[in-house]
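[1] 3D, please:
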Amino acid sequence: MARSCSEDVLSDVLCRLRVKSLKRFQCVCKSWYALIRRPSFVTKHLRFHSRQNKNNRSFLLSHSLYISYEFPPDERKDTRFSLVHLEETADDIVFLDWIKFSDNSKQGKKFPDYWYEYIEVFGPRNGIYCLHESSRDHGHVIALMNVSSREFKLVPKPEESIISHTGFRSPAAVEIGFDPKTNDYKVFFFKDCSFLKEGYCQAAVYHLNSNSWKKLSDPLLDHAYLYSLQDFNTDTYVNRNVHWLAFEPDHAGHCCGWYILSFDMVGEVLAKIELPADLRIYCDETLYVVAVFNESLSLIVYPRTPDRLRRERSYTKCFDIWVMKDYGNERSWTKEFTTGPVEDADRLLGIWRNGEFLIKHKNGYTISYDPVTQKMEQLCFGEGLYLNKSCIYSESLVSVTGNAPSDYEIVVEDFPFVVTPDIIERILDNIEKCPSCTRLSSD
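    Got it, this is the predicted structure:
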């Protein structure tokens, strides 16, 4: 009995620690190793930190390099992601870490060069992120990653009979979800195959538990078109469903019949959600972003940045936030509020759990913007980074590889250039070290 109590107390203490510490403590003794790897402890650790992360201000940033920025070709794989931690104390100091993908020398696997290009990232679901890349030579490639446990798993490609391997430039959508009934992580893959047949789409679901794909058949796949201007920059996971803005073209090929396409990660079915009755779609002038705002399915509407060929480009934007108060009840759509104007805003990068917007500044860096208080904070990340997307960062012991080794190694290192937003005035003499980090106007 004493031994059982001792283990319970130890479990309560260890579950409060971060994954990095637990990885070290696995080496203390065999009993600690067994305890930390036990599924019940993994779940306990996940639940504890999920409660603690309600106001998490850390995120995973996806970025690439400006074309003009010189960088050794063999090191471009080290520039895809970084971790950003905004602390509530210590004057909101920004801590940044590089995430590097390295060859797995133990397995004799070399990190593939097709991961050097633009990478889409989705999630997290209990600390697991999904990566998607497409290229002419390799088609669509999907991977799962747990940054905190340093695990990376390449997802096997679906068979040709499930998803066509041709048409790598065709519009495609990838998302990750969790099925609590089967304790399984799933990846949904949707591909526009109009190059095979007019209006034809294919979809499949990958199951991590079985490491296999399942083909989906649904009448909606015969006439579903995804909104091509959506950048998939925001998380859309609500009530175990993922969402995209979609439409049905008329006989002349014009966009009409707009709706939100949802996929249930538990029941594995597609469904249509009607848009707010008072909302009108104007694709030429406006961007529409399906998102999660205050834990509800939302639609964020804001002006597009004009094409670069136009002489005058306006970066002043107001954001309309529509919220579905009761998920699944289309009559519950409400225009929550309009916020702004936000000066020098290019596009929305993501939303934190506390409702703050992450917005890409016209000069390339990131702005943190509270749509309620309209408080704005500049986040400086250094020279030469082109910001693509941000995801909330969360840790877990959930494994994507099981007992198998990681396909590639993940290394987290200190970011080479760090700026604290609240003390920028004290380092103006050195600001030329980072030309892209200009001071945000206080007006």
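[2] now the strands for the stretch 101-250 of the chain?
    Along the stretch 101-250 of the chain, counting by DSSP state E, counting those that start in this stretch, strands occupy 120-125, 128-135, 139-146, 151-154, 172-179, 184-192, 201-207, 212-215, 225-226, 241-249.
[3] other SSEs contacting the third one?
    Under the contact criterion of 3 or more C-beta pairs under 8 Å, 6 or more residues apart in numbering; DSSP states H and E, the helices and strands touching strand 139-146 comprise strand 128-135, strand 151-154, strand 172-179, strand 184-192. Placement of C-beta: from N, CA and C, glycine included.
[4] Would you mind pulling up the elements that the last one packs against?
    Think strand 184-192. Here strand 184-192 touches strand 139-146, strand 172-179, strand 201-207, strand 225-226, going by 3+ C-beta pairs under 8 Å, 6+ apart.
[5] Output the ones you listed in CSV, with distance to Trp258 appended to each entry.
    Converted to CSV, the helices and strands packed on strand 184-192 look like this (distance: least, C-beta to C-beta, whole Å):
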stretch, distance to Trp258
strand 139-146, 26
strand 172-179, 16
strand 201-207, 17
strand 225-226, 10
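[6] These: which one's closest to Ile281?
    Nearest to Ile281 among the helices and strands packed on strand 184-192 is strand 225-226 (13.0 Å), distances taken as C-beta to C-beta.
[7] And for the closest one, what's in contact with it?
    171, 173, 190, 192, 199, 244-249, 255, 261 (C-beta atoms under 8 Å, 6 or more residues apart in numbering).
[8] Turn these into TSV, including pLDDT and neighbour count.
    Shown next, in TSV, are those (pLDDT from 0 to 100; neighbours: other C-beta atoms under 10 Å):
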residue	pLDDT	neighbour count
Pro171	70	15
Ala173	85	22
Phe190	88	24
Asp192	77	20
Gly199	55	14
Trp244	91	19
Leu245	89	20
Ala246	87	25
Phe247	82	20
Glu248	79	15
Pro249	71	14
Cys255	65	15
Leu261	92	22
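[9] Phe25 is in contact with Leu17, correct?
    Yes. With contact defined as C-beta atoms under 8 Å, Leu17 counts as touching Phe25 (7.4 Å).
[10] Is it possible to get a markdown table of the strands of the stretch 101-250 of the chain that adds distance to Leu349?
    Output for these, formatted as a markdown table (distance: least, C-beta to C-beta, whole Å):
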| stretch | distance to Leu349 |
| --- | --- |
| strand 120-125 | 12 |
| strand 128-135 | 16 |
| strand 139-146 | 19 |
| strand 151-154 | 24 |
| strand 172-179 | 18 |
| strand 184-192 | 22 |
| strand 201-207 | 27 |
| strand 212-215 | 31 |
| strand 225-226 | 20 |
| strand 241-249 | 18 |
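[11] Comparing those by mean pLDDT, which bottoms out?
    Here the lowest mean pLDDT among those goes to strand 225-226, at a mean of 79.
[12] for the stretch 301-443 of the chain, what are the low-confidence residue spans?
    Regions of the stretch 301-443 of the chain meeting the criterion pLDDT under 70 cover residues 305-314, 353, 364, 379-388, 413-443.
[13] What segments of it are strands?
    When assigned using DSSP E, counting those that start in this stretch, the strands of the stretch 301-443 of the chain occupy the ranges 317-324, 333-342, 345-351, 357-361, 366-369, 376-379, 385-392, 409-414.
[14] Tell me which of the ones you listed lies nearest to Val289.
    Val289 lies closest, by C-beta to C-beta, to one member of these: strand 345-351, at 5.8 Å.
[15] which residues does Ser390 bridge with?
    Note on Ser390: beta-bridge partners Leu61, judged by DSSP bridges.
[16] That one and Lys362, how far apart?
    Plainly put, Ser390 is 17 Å away from Lys362 if you go by C-beta to C-beta, to the nearest Å.
[17] who's more crowded, these two?
    A count of neighbours by other C-beta atoms under 10 Å puts Ser390 above the other of Ser390 and Lys362, at 26 against 13.
[18] Now do that one against Arg347, distance only.
    Here the distance between Ser390 and Arg347 works out to 12 Å (C-beta to C-beta).
[19] and what of Trp32?
    As judged by C-beta to C-beta, Trp32 and Arg347 stand 47 Å apart.
[20] More neighbours: these two, which one.
    A direct count of neighbours by other C-beta under 10 Å for Trp32 and Arg347 places Arg347 higher, at 18 against 15.
[21] Find the nearest non-adjacent residue to that one, please.
    Lys360 (5.2 Å; C-beta to C-beta, 6 or more residues apart in numbering).
[22] same deal with Glu330?
    Using C-beta to C-beta, 6+ apart, the nearest residue to Glu330 is Glu274, at 4.5 Å.
[23] Tell me which residues of stretch 58-65 come out buried.
    Of all the residues in stretch 58-65, those buried under the rule 16 or more other C-beta atoms under 10 Å are 58-64.
[24] can you check stretch 30-40 too?
    Buried, per 16+ other C-beta under 10 Å, within stretch 30-40: 35-36.
[25] ok, residues contacting it?
    With C-beta under 8 Å, 6+ apart as the test, stretch 30-40 has contacts from 7, 10-11, 14, 22, 25-27, 41, 397.
[26] Swap in 7 Å and give it another go.
    The contact list for stretch 30-40 (C-beta atoms under 7 Å, 6 or more residues apart in numbering) reads 7, 10-11, 14, 22, 25-26, 41.
[27] about what we covered before: of the strands of the stretch 101-250 of the chain, which approaches Glu343 most closely?
    Distance to Glu343, taken as C-beta to C-beta, is lowest for strand 241-249 among the strands of the stretch 101-250 of the chain, at 26.7 Å.
[28] Who are the packing partners of that closest one?
    strand 172-179, strand 225-226, strand 255-264, strand 286-293 (3 or more C-beta pairs under 7 Å, 6 or more residues apart in numbering; DSSP states H and E).
[29] re the thing from before, quick one: which of the contacts of strand 225-226 is nearest Phe293?
    Distance to Phe293 across the contacts of strand 225-226 (C-beta to C-beta) is lowest for Leu245, with 15.1 Å.
[30] hang on, the closest one packs against Val289?
    No. With contact defined as C-beta atoms under 7 Å, Leu245 does not count as touching Val289 (8.1 Å).
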